[in-house]
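1. I'd like to go over a predicted model; first the sequence, then the structure.
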Amino acid sequence: MNFWAYLARRVALMIFTLFGIVVITFIISHVIPADPIGAILGPQAPPELVEKVRHEWGFDRPMWDQFVDYLWKLLHGDLGKSIRTNKPVMSDLLYYFPATIELATAALIVAIITGIPLGIISAVKKDKVPDHLSRIFVLIGVSMPVFWLGLILLFVLYYQLGVMPGPGRLDPYITPPPRITGILTIDSLISGNFDAFKNALWHLILPSFVLGYYSSASIARITRASLLEVLRQDYIRTARAKGLRERIVLMRHAIRNSLIPTTTVIGVSYGSLLEGAVLTETIFAWPGLGRYSTGAFLSVDFLAVMGSTLLIALVYSFANFIVDIIYAFLDPRIRY
Amino acid sequence: MSIKDFLRGFRDFLTSEDTKFTLILFRRNFLNIVGTAIILLLVFTAIFAPVLSPYDPIAQNMDERLAPPSWKHILGTDQLGRDILSRVIWGSRISLLIAVVVVSISLLIGLFLGTISGYFGGWIDEIIMRLTDMFMAFPRLILALAVAAALGPGIFNTMMAISFVSWPLYARLARATALQIRNETYIEAARAIGASTARIIFRHLVPMTLPPILIQATLDMGGTILTAAGLGFLGLGVQPPTPEWGVMVSDGRRFITEQWWVSTFPGLAILLATFGFNLIGDGLRDIMDVRAKR
């Protein structure tokens, strides 16, 4: 199968998966016994009013009709209106999403620049002290409750020592730049507001380290495993046999090839970063999708729940898609 | 009788030379021993919680609210004057219960669907695998949150929500092994002497899929404790006054600047329990990986 046929098949698979995601979220929000009417009106509402609202929101129509209707609106970019904010879910999502993108991207950068070197050191020094230390670091990383780590670091580094900024995206005395992309570091650069840029970057450090730790651990783990695999290959033995220095063997032959599986994990990490953002944003008062969706979950704001779940799942499966394509591109031996 | 077949297959698996050899290798690594010790401690604490905890975990005592760690209250007290050590000890029961139930449910569902999928192939396989694809396209915590929000909070719903999102990985693992061995000679031989499909699946196929699945289950125990704590922390999981670790961390958030102990100790408990399961799972996986390459 050539690359284009593979691409076509992969696109078809993604569309199918996305449709499935819509079905599952619809079932969760419409069939499972939550009480959206109760959430809109409160428990004391008179029956006539309940009936009226049921009709208004279309809950009295057959499930199938409701689904087709939802799908139709979805295809036109209409996710319905949030009960809590009384605004279209779509505009809410567009408002909160950039802050999450900023945080998740920063966390991914942290994870890559710490995870890959750690994995390499661990593989090169296999079964020696650096390897053991890195294994402990990795296992603590995947065992860490992010909400707790964030809380403790905020307590020590902000409240106790004062070396890190507090929660939020900017200090209160900084004038925020005009909203262009919604990503503060970029907006402040565009508008030439360097004070805001420095401050925004400063505020980004702690949450992105907290969020990135988990991904850093999984990137280190896969880098180690795949580098060990590559180091067993015949062409590495050949390179050593012809007298290349170990550093050249590593840099030119081993590490490059070992990074192919790492790209997969990096892509998948982006999805789990969005997920971790839900917890991290709560701790750091970060006005992103995570905090928005948590609020929606807690108040059974079911259209907002559906919308944010769909958006996160969409980004998640799109990241997986990109990874698969890059993978097929980087390693020509892989064809499905 | 297929349950009997399954139990026999499971016994064969436990007493096989393979399993013994794995255990010998497992005991050689120091970190594996540490992990085992942590989990034994966790199980011990959970079983003997009533004996070990110095106070009632739910009893309020407003005279001693937010007391710092002292000889009377080794880990201090929370905003309602409840002894944190006792709450952390009782919390081990909740976390372990959730982890065991969730992993068992999702393992059984996954094992069942996965072996069927791999053994029969064809359109059954296609349907089951597309279904797992869909579920795996969701980030786990988000889907669990959505389900928990729809079902409403509580310990039972927490377990349902996490199980709902955890089974696909087991289905994948079981299918991969079933696919690999369904054409082996001994399966064919069993079929030739007239063994029923159920017997082949439970007696011969399922035991073979167990090693990778049990490793995944160990790692998942840790992951489940984390997810459940996350749900509790956000207010969508186990509800107060039940002493659940995630809820306890969340309780202490308001006091973190002055009374750091309220959040710190339950969080450490989450970290320690998850770390223990991950040490064991990782150690087992290392052994499997090395042996697979020989």
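-> Everything's here; your move.
2. Start from the N-terminal end of the chain and give the helices.
-> In the absence of a named chain, chain A is used. Taking DSSP state H to define them, one finds helices in chain A at A:3-30, A:36-41, A:47-57, A:63-75, A:89-124, A:129-143, A:146-153, A:184-190, A:194-231, A:234-241, A:246-248, A:256-284, A:289-298, A:302-330.
3. wrong one, chain B
-> Counting by DSSP H, the helices of chain B are B:2-15, B:17-28, B:30-47, B:49-52, B:84-120, B:122-136, B:140-151, B:155-181, B:185-192, B:197-199, B:206-234, B:245-252, B:261-293.
4. Of these, which is nearest A:Asn86?
-> helix B:140-151 (19.3 Å; Cβ to Cβ). Just so you know, the C-beta spots here come from the backbone N, C-alpha and C atoms, and that holds for glycine as well.
5. Show me what the closest one is packed against.
-> Applying 3 or more Cβ pairs under 8 Å, 6 or more residues apart in numbering or on different chains; DSSP states H and E, one finds that helix B:140-151 contacts helix A:3-30, helix A:256-284, helix A:289-298, helix A:302-330, helix B:155-181, helix B:206-234.
6. B:Asn29 is nearest to which of those helices?
-> Comparing these by Cβ to Cβ, helix B:206-234 comes nearest, at 14.6 Å.
7. picking up where we left off before, closest to A:Ile152 out of the helices of chain B?
-> Smallest distance to A:Ile152 across those (Cβ to Cβ): 6.6 Å, for helix B:261-293.
8. tell me the average confidence for that closest one?
-> Helix B:261-293 shows a mean pLDDT of 86.
9. quick one: that helix near chain A?
-> Yes. Counting by Cβ under 8 Å from any Cβ of the partner chain, chain A has neighbours in helix B:261-293: B:263-264, B:267, B:270-271, B:274-275, B:278-279, B:282, B:289.
10. I'd like to know how many residues surround the closest residue to A:Met14 other than its chain neighbours.
-> Distances taken as Cβ to Cβ, 6 or more residues apart in numbering or on different chains place A:Phe321 nearest to A:Met14, at 5.1 Å, with adjacent residues excluded. When neighbours are counted by other Cβ atoms under 10 Å in any protein chain shown, A:Phe321 registers 18.
11. Next, the contact list for A:Phe321, please.
-> Shown in contact with A:Phe321 (Cβ atoms under 8 Å, 6 or more residues apart in numbering or on different chains): A:10-11, A:14.
12. show me where pLDDT drops low in the stretch 151-294 of chain B?
-> Along the stretch 151-294 of chain B, segments meeting pLDDT under 70 span B:289-294.
13. Please identify the residues of it in proximity to chain A?
-> B:151-152, B:222, B:226, B:229-230, B:233-236, B:246, B:249-250, B:253, B:256-257, B:260, B:263-264, B:267, B:270-271, B:274-275, B:278-279, B:282, B:289.
14. What subset of those residues is buried?
-> Burial by neighbour count, 16 or more other Cβ atoms under 10 Å in any protein chain shown: within these this picks out B:151, B:222, B:226, B:229-230, B:233-236, B:246, B:249-250, B:253, B:256, B:260, B:263-264, B:267, B:270-271, B:274-275, B:278-279, B:282.
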